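> kindly generate the corresponding structure for this input.
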Amino acid sequence: MILSGREVLTRQLVRNLRDITQQQPCGIDLTLRQTSAWTSAATIDFDNTKRQASKTSILPFNPTHAITLHHGAYLVDFNETVQVPLNGMGSIFPRSSLWRSGVGITAGVVDAGYQGALGALLEVNNPNGVVLFRDAKLAQIVFEELGEMVEGYSGIYQASTSSVGRDGTGRADDL
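Numbering: from 1, shown residues only. Below is the predicted model of the structure:
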């Protein structure tokens, strides 16, 4: 069963909202906190023994609290954080105003038991780029209930404060 936006707020699954208008019929709007660019390669393997996250560099907003992004891929962090119950999961979808403008959002499953920051891959496919303002509504998180309680997420991103992990450096130190 998909939870309504009202139910998500009642259960306090999403925190640090900017405004009550972020509540939607089927979820909660997620807003832009920061944008980063990748500055190194990543290493991905099967059992995480060689895993190394890419390093990133935060891109600054201009004095009017906007950022111009050119064609390419970026990492975005949202203002909102989550606390997913052991019988739930989340999915992040782009708002239609993004894809109508040639911009996409891609994110993974938000596992049962995960608590912490949210981020996503933002892809600017519009050859003219896009201008984003701080706190712009970019995505929507939708929660579904699982048929049973599960053990829950216990990976390196648990309790993180940004999408690059707990230490904010892009390093996965606690493999």
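> show me where the chain has its strands.
Chain-ordered strands for the chain, with DSSP state E as the definition, fall at 14-15, 23-24, 27-38, 56-59, 66-69, 72-83, 88-94, 103-106, 115-124, 130-133, 137-145.
> who does the second one touch, helix- and strand-wise?
In this case it means strand 23-24. Here strand 23-24 touches helix 5-10, going by 3 or more Cβ pairs under 8 Å, 6 or more residues apart in numbering; DSSP states H and E. Where C-beta positions appear, they are placed from N, C-alpha and C, glycine not excepted.
> okay, now the unreliable bits of this structure?
Counting by pLDDT under 70, the low-confidence segments of the chain come to 166-175.
> now the residue positioned nearest the centre of it. Nearest residue, chain neighbours left out?
Nearest residue to the geometric centre of the chain (Cα atoms, centre = their mean): Gly119, 2.3 Å. Using Cβ to Cβ, 6 or more residues apart in numbering and skipping the chain neighbours, the partner closest in space to Gly119 is Ser163 (2.3 Å).
> count of neighbours near the one you found?
Residues within reach of Ser163, counting by other Cβ atoms under 10 Å, total 24.
> could you do Glu80 as well?
Counted with other Cβ under 10 Å, Glu80 comes out at 20.
> can I assume it is in contact with Val14?
Yes. With contact defined as Cβ atoms under 8 Å, Glu80 reaches Val14; the gap is 5.3 Å.
> list residues touching both of those two?
28, 141 (Cβ atoms under 8 Å, 6 or more residues apart in numbering).
> run through the bridge partners of the residue nearest to the centre of the chain.
Asp77 (DSSP bridges).
> with that, I have no additional questions.
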